[in-house]
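The amino acid sequence is not available; the structure is as follows:
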């Protein structure tokens with residue numbers, strides 16, 4: 001039986017098989033939680049992560065985290081497996097590099113479906129299975145707070161602006177109705193597999209140089225903040241977007 005400060009808790013993570021999601025799953029299990037790892041397409045990565053964490057601690061569910069039918073499938077699978085949800089982490093997202101002139105309707109719909117509609121309705125469908133004292137941790141971006149943000153982040157920041165407003169309003173609503181805390185993390189540049197794709201050493205050095213620590217963050221550092229917001233140490237924190245970026249913004 002798992003022991004730790006989150007022993008007995010059940011966490012659901014969308015986009016949980018890679019990057020920040022996978023690091024969060026590992027950190028939660030280390031704290032004693034059971035995790036439901038949602039993935040979209042890469043079943044091999046999800047099953048490898050379950051193998052690493054142990055089938056007694058982790059359960060993988062394929063579902064489209066940007067569609068209501070996929071969200072309903074995920075919540076039903078989680079509740080069938082563990083009977084409840086204590087920690088909800090709508091982490092799945094897409095980072096489209098589109099300024100306003102170069103955004104198609106398909107780009108807009110895809111980004112808002114996964115980054116906004118998915119988290120919104122995941123909260124809705126999970127709520128009946130969440131008890132007072134549960135936690136919801138959403139994911140924004142430091143780009144929403146950076147003075148150096150550039151045009152190609154327009155569409156992405158629009159989706160994450162919606163997430164921060166969800167946190168602001170949901171935190172008051174759900175604390176009042178159900179005693180559930182709602183917060184977000186806003187990561188800075190983070191060294192996931194997706195982040196490194198297509199970037200030259202020169203570009204990576206420039207990005208690292210924007211940070212006072214002169215480096216890029218790690219998925220584990222973001223995961224630690226998510227896990228903190230999921231636990232009792234954050235019991236008096238709600239409605240906050242925590243910038244996890246080493247002091248960059």
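Great, that's in hand. Because the structure is a prediction, the values reported are computed rather than measured.

next one: phi and psi at the spatially closest residue to residue 73 that is not a sequence neighbour?
The spatially closest residue to residue 73, leaving aside those adjacent along the chain, is residue 63, at 4.6 Å (Cβ to Cβ, 6 or more residues apart in numbering). (Each C-beta comes from the backbone N, C-alpha and C, glycine too.) Dihedral pair for residue 63: phi -170, psi 150, per degrees, to the nearest 10.

would residue 72 count as being in a strand?
No. Counting by DSSP: H, G, I helix; E, B strand; the rest coil, residue 72 falls outside a strand, being helix.

quick one: pLDDT of it?
At residue 72, the model reports a pLDDT of 98.

Likewise for residue 3?
82.

close enough to count as contact, the residue nearest to residue 73 and residue 75?
No. Counting by Cβ atoms under 8 Å, residue 63 sits too far from residue 75 to count as a contact (9.1 Å).

Now do the same contact list for the residue nearest to residue 145 when sequence neighbours are not counted.
Excluding the flanking residues, the one nearest residue 145 by Cβ to Cβ, 6+ apart is residue 249, at 4.7 Å. Contact analysis of residue 249 by Cβ atoms under 8 Å, 6 or more residues apart in numbering lists 142, 145-147, 188, 243.

Are any of those buried, and if so which?
142, 145-146, 188, 243 (16 or more other Cβ atoms under 10 Å).

can you tell me which of the residues you listed are in strands?
residue 243 (DSSP state E).

circling back to that earlier point, which residue in the contacts of residue 249 has the weakest pLDDT?
For the contacts of residue 249, the pLDDT minimum is residue 147, 87.

Give the closest residue to that one in space, chain neighbours not counted.
residue 249 (7.4 Å).

do the same with residue 228
residue 234 (5.7 Å).

How about the contacts made by the one you found?
135, 181, 183, 228.

So which of those residues is the closest to residue 24?
Nearest to residue 24 among those: residue 228, at 11.1 Å, using Cβ to Cβ.

any idea how far the residue nearest to residue 145 is from residue 144?
9 Å (Cβ to Cβ, to the nearest Å).

Check residue 214 too.
For residue 214 relative to residue 144 (Cβ to Cβ), the value is 23 Å.

Run through this protein and note the low-pLDDT ranges.
For the chain, the stretches with pLDDT under 70 are 1-2.

same thing but at 90, please
Scanning the chain for pLDDT under 90 picks out 1-3, 147-148, 193-199.

what residue lies at the spatial centre of it?
By Cα atoms, centre = their mean, the chain has its centre lying nearest to residue 91, at 2.3 Å.

Go through stretch 233-243 and flag the buried ones.
Buried, per 16+ other Cβ under 10 Å, within stretch 233-243: 234, 238-243.

what does stretch 38-52 give?
Quick answer for stretch 38-52 (16+ other Cβ under 10 Å): 38-40, 45-47, 49-50.

and residue 97, what are its phi and psi?
According to degrees, to the nearest 10, residue 97 has phi -90, psi 90.

that older thread, just list the residues touching the residue nearest to the centre of the chain, thanks.
By Cβ under 8 Å, 6+ apart, the neighbours of residue 91 are 13-16, 20-21, 24, 139.
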